[in-house]
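**Q** pasting a predicted model and its sequence here:
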Amino acid sequence: MIYLKHNIVPIVTFVTILFFFASCYYDNEEALYPMLNSSCDTTNVTFSGTIVPILTNSCYSCHSDANAAFGANVHLQTITDVQTNSAKLIVSIQQTGTKPMPPGGKLNTCSITQFDIWIKTGMPNN
Ligand code: HEC
């Protein structure tokens, strides 16, 4: 038991120090997204106020329920549709995969970042 106790103290100390340094890290939006200009709202990203307008402007001509025939039957009409397709969606709009979306060109950096933020914050229905 004495032996164990002596081993555990340096481990606990080490882990404590590790947590101390880890806690110094914090997310700074300007540091994380240096390409954005100040008019891009990255603090109030919501599904209804941010994501739906992007979808309406750039995606619903092919991915609404009514138009999905033009979008290989990929539906992005409801939040559940969007959540279900989120992994493919982010690859598509970042245009790093084989199916770049929208097909006619890239969304602006602000919209792509807002999508990324919404997905990373757990795709809230807000
Ligand atoms: C002009 C029509 C059109 C528009 C506009 C469009 N898409 Fe698509 N989308 C397609 C087609 C066609 C496919 C099927 C592509 C394929 O299978 O090669 C597709 C496929 C997809 C997929 C599935 C990708 C995969 O890996 O299977 C996603 C996700 C997607 N689109 C998202 C979007 C988003 C988000 C937007 C708006 C930013 C958008 N699309 C705009 C036509 C469109």
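**A** Okay, I see it.
**Q** any idea of the mean pLDDT for stretch 88-97?
**A** What stretch 88-97 shows for mean pLDDT is 96.
**Q** what about it, distance to the chain center?
**A** Its chain's C-alpha centre and that of stretch 88-97 lie 11 Å apart, by Cα atoms, centre = their mean, to the nearest Å.
**Q** give me the residues contacting it.
**A** Among residues not part of stretch 88-97, those counted as contacts by Cβ atoms under 8 Å, 6 or more residues apart in numbering are 76, 82, 99-101, 106-107, 111-112, 115-116, 119. Glycine gets a C-beta too; all of them are placed from N, C-alpha and C.
**Q** what does this structure have sitting close to the ligand?
**A** Proximity of the chain to the ligand is confined to 58-59, 61-63, 70-72, 74, 85, 88-89, 92-93, 99, 101-103, 107 under the rule Cβ under 6 Å from any ligand atom.
**Q** contact partners for Pro102?
**A** When the contact criterion is Cβ under 8 Å, 6+ apart, the partners of Pro102 are 58-59, 62.
**Q** which residue ranges make up the domains of the chain?
**A** The chain breaks down by automatic domain parsing into domains covering 2-31, 35-120.
**Q** please identify the deepest-packed of these.
**A** domain 35-120 (a mean of 15; mean count of other Cβ atoms under 10 Å).
**Q** lowest-confidence stretch among the domains of the chain?
**A** Ranked by mean pLDDT, the domains of the chain bottom out at domain 2-31, with a mean of 61.
**Q** ok, back up a step: distance to Asn126 added to the domains of the chain, as JSON lines?
**A** Putting these into JSON lines (distance: least, Cβ to Cβ, whole Å) gives the following:
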{"stretch": "domain 2-31", "distance to Asn126": "19"}
{"stretch": "domain 35-120", "distance to Asn126": "4"}
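**Q** strands of the protein, residue ranges please.
**A** Ranges of strands in the chain, per DSSP state E: none exist.
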